[in-house]
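In: Okay, predicted coordinates and the sequence, questions at the end:
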Amino acid sequence: MEKLKAWLKKNMVIVFLIGLCIGFGVTTDTFFTTKNVMNLTSQMAINALLATGLTYVIILGGIDISVGSVAALAGVFSAMVGLMFPEMSVFMSILILVFSALFIGTICGFFNGIMVTKFNVVPMITTLATMTIARGVTYIITGGTAVFGLPSQFSWLGAGRFLTSESHPNGIIPIITIFTVIVVALMHILLAKTVFGRHVYATGSNMQVAHLSGINTSKVILQSHILCSIMAALGGVLVASKLQNGQPGACEGYEMYAIASTVLGGTSLAGGSGSVARAMFGVAIIAVINNGMNLLTISSYWQKVVIGSIILLAVIFDMSQKKKA
Amino acid sequence: MNPCLQVKNISKRFLGVKALTDVSLDFYSGEMHCLLGENGAGKSTLIKIISGVYDATEGEIVYNNQTVRFQNPRQALDAGISVIHQELSIANDLTVAENIFLGAEQRQDFKILLDRKRMNKEAQDILDFMKVDIKATQIARELTAAQQQMVEIAKVMTKKAKVVIMDEPTSSLSGHEIKALFEQINILKKQNVAIIYITHRLKEMFEMGEKVSVLRDGCMVDTFQIADVTEKELVASMVGREIKDYYNRQEHVAKEELLRVEGLTGKKGKFKNINFTAYAGEILGFAGLVGAGRTEVMEAIFGAREYSKGKIYVSGKEVTFKSPAEAINAHIGFVTEDRRRTGLMLNAMIKNNIVLPSLTKNCKKFGFLDFKWEKDVSKDYVDKLKVRTPGINTVIANLSGGNQQKVILAKWLLADSKILILDEPTRGIDVNAKSEFYALMNAFVANGGCIIMVSSELPEILGNSDRIIVMREGEIAGELHYKEATEQNVIELASLNSKNT
């Protein structure tokens, strides 16, 4: 009994998620249909990638609010590269998308990381600047209009589906879901099972101790920022692929959803603890609330109010647990 | 004349550990009364009780012929007892006047807006009266440490304090700044303020004080009229203790040279021209007062602090460590003086703390963690060092100080340290844990390791070291073999300024 209680307290977010699903399952007929569940997973994908990267930076005790803008920049960049290859194959389109994400992500993450480690600018301000600059660059290179005219192969990764059948002519399993699951799993393993991941926790837990234990904390912070931006950029190119064009105004405000998901998943903003897998529960909660309220035809304005309130409640609950411990 | 402030039979216990035992003292107006004692003798605890930070376990305080019991520092302050701490409490971004009136701001007629003009003027009046060259409108950040101290004193003057407690006020001041401070103290004395003055520097006491009380191990030893006492007598009464047998001194045999430091000089004059050699199989003690530069020397050796000149040799080879990582690779370990801030990841498990510096060397292919190894070695060290804990997954914040210290030791043993730097290794841990820790130290050197121990506790230095290096104000004041070292000659080397006495 005691063990059950302890488990419940530690995993409140899972219980809450299951409760939500049951609630929407009862109040709507459509929530638990294959189609809706699959849609749900593809809706989660972008936020899942952003939250995964953010988990690293937040465990370090930092923050990155530039992820939305970096995603938009990578998105239009991939679309512009894509325009140069009108005859591209599906394989080629994947190469273009991944290359664009790595390229833009590395540049932005390197910039953030250097500002934080070499110039000692606090992460909040560094990434606030990057958020504005990246968004500005996005508008400059596109001239403020969408980049379109891409071939349909370009949208295979973001909008394609596997397992076509008679009842599901467009396929059942979104490719974007499979791609995201693989990337998130790799990032989870990197954080939880490798020396690098342990160094991230150590640096976030106590930077001086980590430094005095022989860890190159600057390098760890720099690498984590690069990873975070690459994840954001991956999210961005997937949005471009899904829409089959590059929107300069895409992903606006996504950083807030990503931060919220990470915090809902129990990663402490004070640093030192958290996990990618747990952040995914936060991602799922936000996606389920959005999806369920859509099904109930509740206005999206109310959805914002509800999500904001839930984040606050989660953090209050978390703090009260910590105080007791 | 009645005493202004009386401390009667005060005792204080922290979780069963006695910090003060039956201390009684009288303080008189217009007198400077010095408190003398080693680190841990109970001086700080005593002033914290007087100023309302702690509540005494037993005994009472009589102030202006009334028994008082301050619930917090604010009440003591309002009653006229001010403290000037070693670390100044100046708000750097406020002006001098704002600092002086902090918490007692003057307001305009309607009690809403600050009356800046009046505050500036009154502050300036006080500063002028003190004859110091500070403007009331200056931002505090622009002032030197000495000037900031003057601001603290001005603050005390506006409060019309009856008792002023100064905790090592001269530790960061230079010669002529100290002189300026003394002038202010004389002004305070003339205004019939009772001054309680804590210092390690005997010279200052003889110059300024009327009385001195010596504390040792939380007990009052004696109170002297300064005019009737000599430095030697004071040092003798601070010591006057036999070294307890829990040190269990062992004879070590020094073997090959492991570490040699030549002419090491730090930046900003933190330490100058440090020369010493440390050998395998010995414990080398570093004695000195707090702030003598010992920690800074150790940090420089460990690659955690830049130095401007000098050479470091490990096993005869010259090294220049750019980071602690390189020092760790050269088999140096560093147990820092503040385990909560720089020693431990407090919210992490014991095993995570133990393996931290050794992870890179003991991982599997592609940098994957070896969880089985982590578990096995942690268990092994927890057993070997007898860390009292429910298990290796316990969060380290839940352990006692002594057990935390053992975990830190385990961490450096696992990292294969040959040279172990211990900075105040037994600070804040109980006697039992101490003697266990000393046994572990002895085992380490018996196996051919070398320990460099920085400690401000003399019995610890004398009871464990084979050789003792004494530092004073950033320089090596002398080196003693343990057989010739006594508390007396170590204290003399550490605190007497040979140039001036």
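Out: Nice, I can see it.
In: rest of the way, CA atoms for contacts and neighbours
Out: Will do.
In: hmm, the host helix or strand of B:V377 in reach of chain A?
Out: B:V377 is part of helix B:371-384 when elements are defined by DSSP states H and E. No. Using CA under 8 Å from any CA of the partner chain as the criterion, no contacts between helix B:371-384 and chain A are found, and the smallest distance is 8.6 Å.
In: burial count for the closest residue to A:C21 other than its chain neighbours?
Out: With CA to CA, 6 or more residues apart in numbering or on different chains as the measure, A:V288 is the residue that lies nearest to A:C21, at 7.2 Å, once sequence neighbours are left out. As a burial measure, the neighbour count of A:V288 was computed by other CA atoms under 10 Å in any protein chain shown and equals 22.
In: Quick one: list the elements packing against the helix or strand harbouring A:V288.
Out: Secondary structure assignment for A:V288, by DSSP H and E: helix A:276-295. Counting contacts by 3 or more CA pairs under 8 Å, 6 or more residues apart in numbering or on different chains; DSSP states H and E, the secondary-structure elements packed against helix A:276-295 are helix A:12-27, helix A:34-59, helix A:175-193, helix A:254-264, helix A:300-324.
In: repeat that with 6 Å
Out: For helix A:276-295, the helices and strands in contact under the criterion 3 or more CA pairs under 6 Å, 6 or more residues apart in numbering or on different chains; DSSP states H and E are helix A:34-59, helix A:254-264.
In: mind checking which of those helices is nearest chain B?
Out: Set against chain B and scored by CA to the nearest CA, the helices and strands packed on helix A:276-295 come closest in helix A:34-59, at 13.0 Å.
In: chain center to the closest one: distance?
Out: The gap between where helix A:34-59 is centred and where its chain is centred comes out at 5 Å by CA atoms, centre = their mean, to the nearest Å.
In: Helix A:175-193 and the helix holding B:V377, what's the angle between them?
Out: 30 degrees (axes from the mean of the first three to the mean of the last three CA atoms, to 10 degrees).
In: what comes up buried for helix B:371-384?
Out: Judged by neighbour count (16 or more other CA atoms under 10 Å in any protein chain shown), helix B:371-384 contains these buried residues: B:E374, B:V377, B:S378, B:K379, B:Y381, B:V382.
In: repeat for stretch A:16-23
Out: Taking 16+ other CA under 10 Å as the neighbour-count basis, stretch A:16-23 is seen to contain the buried residues A:L17, A:L20, A:C21.
In: same check, this time on stretch A:79-91
Out: Counting neighbours by 16+ other CA under 10 Å, stretch A:79-91 gives A:A79, A:M80, A:V81, A:G82, A:L83, A:M88, A:V90 as buried.
In: Next, the distance between the ends of it.
Out: 15 Å (CA to CA, to the nearest Å).
In: Give the ranges of residues in the chain that sit below the confidence cut-off.
Out: As the question left the chain open, I've gone with chain A. Residue ranges of chain A with pLDDT under 70: A:321-325.
In: To clarify, I was referring to chain B.
Out: In chain B, residues with pLDDT under 70: B:15-17, B:39-40, B:86-87, B:171-175, B:239-248, B:430-431, B:496-501.
In: Quick check: residues of it near chain A?
Out: Near chain A, the residues belonging to chain B are B:P324, B:A325, B:T342, B:G343, B:M345, B:P357, B:G367, B:F368, B:L369 when assessed by CA under 6 Å from any CA of the partner chain.
In: if we go to 7 Å?
Out: Residues of chain B that fall close to chain A, judged by CA under 7 Å from any CA of the partner chain: B:324-325, B:328, B:342-345, B:356-357, B:359-360, B:367-369.
In: Pick out the residue of the stretch 151-300 of chain A closest to chain B.
Out: Nearest residue of the stretch 151-300 of chain A to chain B, counting by CA to the nearest CA: A:G214, 3.6 Å away.
In: ranges for the strands of the stretch 101-250 of chain B?
Out: Per DSSP state E, counting those that start in this stretch, the stretch 101-250 of chain B has strands spanning B:163-167, B:194-198, B:211-216, B:219-225. These are given in chain order.
In: In JSON lines, list those along with mean neighbour count.
Out: Formatted as JSON lines, the strands of the stretch 101-250 of chain B follow (neighbours: other CA atoms under 10 Å in any protein chain shown):
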{"stretch": "strand B:163-167", "mean neighbour count": "23"}
{"stretch": "strand B:194-198", "mean neighbour count": "24"}
{"stretch": "strand B:211-216", "mean neighbour count": "22"}
{"stretch": "strand B:219-225", "mean neighbour count": "16"}
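In: Mind checking the ones you listed for the one nearest to B:V454?
Out: Among the strands of the stretch 101-250 of chain B, strand B:211-216 comes nearest to B:V454, with 20.9 Å by CA to CA.
In: What pairs with that closest one, parallel or antiparallel?
Out: Sheet partners assigned to strand B:211-216 using DSSP bridges are listed as strand B:32-36 (parallel), strand B:219-225 (antiparallel).
In: contacts for stretch A:205-221?
Out: With CA atoms under 7 Å, 6 or more residues apart in numbering or on different chains as the contact definition, stretch A:205-221 has outside contacts at A:113, A:117, A:199-200, A:202-203, A:271-272, B:324-325, B:328, B:342-345, B:356-357.
In: Point out the residues in the stretch 51-200 of chain A that sit beside chain B.
Out: A:K193, A:T194, A:V195.
In: The helix holding A:V288: which residues count as buried?
Out: Neighbour-count burial for helix A:276-295, counted by 16+ other CA under 10 Å, picks out A:276-293, A:295.
In: Identify the spatial nearest neighbour of the residue of chain B found nearest chain A, chain neighbours not counted.
Out: Using CA to the nearest CA, B:A325 is the residue of chain B that sits closest to chain A, at 3.6 Å. Beyond its immediate neighbours in the sequence, the residue positioned closest to B:A325 (CA to CA, 6+ apart) is A:G214, lying 3.6 Å away.
In: How many residues are close by that neighbour?
Out: Counted with other CA under 10 Å, the burial measure for A:G214 works out to 21 neighbours.
In: Would you mind measuring from it to B:V156?
Out: When distances are taken as CA to CA, A:G214 and B:V156 turn out to be 46 Å apart.
In: so how far is the helix holding A:V288 from its chain's centroid?
Out: With CA atoms, centre = their mean, you get 12 Å for helix A:276-295.
In: Find the centremost residue of the chain, please.
Out: I'll assume chain A. Among the residues of chain A, the one closest to the centroid is A:L50, at 1.9 Å (CA atoms, centre = their mean).
In: Not quite, go with chain B.
Out: In chain B, the centroid-proximal residue (CA atoms, centre = their mean) is B:V290; its distance is 4.9 Å.
In: List the contacts of that one.
Out: With contacts defined as CA under 7 Å, 6+ apart, the neighbours of B:V290 are B:S456.
In: That one should be in a strand, yeah?
Out: No. The secondary structure assignment for B:V290 gives coil rather than a strand, going by DSSP: H, G, I helix; E, B strand; the rest coil.
In: rewinding a little: can you give me the angle the helix or strand just after the helix holding B:V377 makes with helix B:371-384?
Out: Downstream of helix B:371-384, the first helix or strand assigned by DSSP H and E is helix B:401-414. For helix B:401-414 against helix B:371-384, the angle between stretch directions is 130 degrees (the same axes, to 10 degrees).
In: still on that earlier bit, how about residues contacting the helix holding A:V288?
Out: Where contact means CA under 7 Å, 6+ apart, the residues beyond helix A:276-295 that reach it are A:13-14, A:17, A:24, A:31, A:40, A:43-44, A:47-48, A:51-52, A:55, A:188, A:261-262, A:264-266, A:303, A:307.
In: what about A:F91, which SS state?
Out: Classification of A:F91 into helix, strand or coil gives helix, according to three-state DSSP.
In: What distance do you get for it to A:L234?
Out: For A:F91, the distance to A:L234 (CA to CA) stands at 16 Å.
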